[in-house]
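Student: how would this look folded up:
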Amino acid sequence: QVQLVESGGGLAQPGGSLRLSCAVDRRTLDYYAVGWFREAPGKEREGVACIEKDKIPEYSDSVKGRFTISRDNVENTVHLQMNSLKPEDTAVYYCGTGIVRCTPTLDVYGYWGQGVQVTVSS
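Tutor: As a prediction, the model looks like this:
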């Protein structure tokens, strides 16, 4: 059973920063890709960033240059550093895994965290 636990959501002002964390077990971090996704009110869940072991991370066009995904192999955590936040970044953010290669196809991610709320507002 793969478990993912997100933390770090909250309220930020436009232009501000937040860092999300997704705690996983070591086997998951070594074997699977881990992605960050978000679901805004009234919209479908979409991919934000994804990272595989020893590969260059992937980002959606909407966050490229502002968000950074990284792996912490000591704490078995995948972080999402979010800078230059915009109101349109407001959403519930989820981390997902269960697939070896990053893909924008959500159905193949077999494991999800509980989600954390990110609100960007002045």
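Student: What is the burial count for the spatially closest residue to Leu4 that is not a sequence neighbour?
Tutor: Spatial nearest neighbour of Leu4, chain neighbours left out: Gly113 (3.8 Å); criterion: Cβ to Cβ, 6 or more residues apart in numbering. Just so you know, the C-beta spots here come from the backbone N, C-alpha and C atoms, and that holds for glycine as well. By the criterion of other Cβ atoms under 10 Å, Gly113 has 21 neighbours.
Student: Which parts of this protein are helices?
Tutor: Using DSSP state H, the helices of the chain run over 26-31.
Student: So which residue is dead centre in it?
Tutor: By Cα atoms, centre = their mean, the chain has its centre lying nearest to Trp36, at 2.1 Å.
Student: Next, count neighbours for the residue nearest to Val116 when sequence neighbours are not counted.
Tutor: Nearest non-adjacent residue to Val116, counting by Cβ to Cβ, 6+ apart: Gly9, 3.2 Å away. For Gly9, the neighbour count with other Cβ under 10 Å is 18.
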